[in-house]
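Engineer: For reference, the sequence and a predicted model appear below.
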Amino acid sequence: GRRAGTENVLLAVGLGRAAQVVVEEGADIMAHMAQLRDHMQQQLLAAFPEDAVCVNGPADDSLRLPNTLSISIRGLNSSALLSHLSSQLAASAGAACHSHGGPAISSVLQAMGVPMEFGLGTLRLSVGRYSTTQEVDAAVKLIVAEAAAQGVQLRSS
């Protein structure tokens, strides 16, 4: 009693094209995204005192996703930040596997040893193939301004 359904030709063609792009441009795209991720990381690290910010994940860049930065800022309420900036910034709070609200950090961040005062200020920021340095700089300015509005200490300049 089984019979085949109609194959989704459009999705199959789209998947084939995506695979072709990865083969032809994947290394360049990944390098572009890693450069933007690193630029964003450097800008955020420069904005806050050294002891008030930490990057989550492996220190070895070869083990990191090229497009994603997980960063924790002590004293920041990342959920409030995202609520205030939702019309200007697309980002996530905490870890990808943590979706419920409330004053708790995900089990993943806990397993990584992220302290509560940092965990509640965790932002997961991503860049894409078409992201620009100007967009990253604008996002950093928004994050820093909102952190300051929340009373988070900024680095003296």
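Structural biologist: That came in fine, so what should we check first?

Engineer: Give me the pLDDT value at residue 48.
Structural biologist: The confidence metric pLDDT takes the value 97 at residue 48.

Engineer: all strands of the chain, in order?
Structural biologist: 53-56, 68-73, 92-93, 122-126 (DSSP state E).

Engineer: Of all those strands, which one is nearest residue 106?
Structural biologist: strand 122-126 (8.4 Å; Cβ to Cβ). Just so you know, the C-beta spots here come from the backbone N, C-alpha and C atoms, and that holds for glycine as well.

Engineer: now that closest one and strand 68-73, what's the angle there?
Structural biologist: 150 degrees (axes from the mean of the first three to the mean of the last three Cα atoms, to 10 degrees).

Engineer: now strand 122-126, how far from the centre of its chain.
Structural biologist: The chain centre lies 3 Å from the centre of strand 122-126; the measure is Cα atoms, centre = their mean, to the nearest Å.

Engineer: Kindly export that strand (C-alpha atoms) in CSV.
Structural biologist: Backbone C-alpha positions of strand 122-126 (Å, rounded to 0.1, in the frame of the first residue of the first chain) are rendered in CSV as follows:
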residue,chain,number,x,y,z
THR,A,122,24.7,36.6,27.1
LEU,A,123,24.0,37.7,23.5
ARG,A,124,24.2,35.4,20.5
LEU,A,125,25.0,37.5,17.5
SER,A,126,25.2,36.3,13.9
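
Engineer: Parallel or antiparallel, list what pairs with it.
Structural biologist: strand 68-73 (antiparallel), strand 92-93 (antiparallel) (DSSP bridges).
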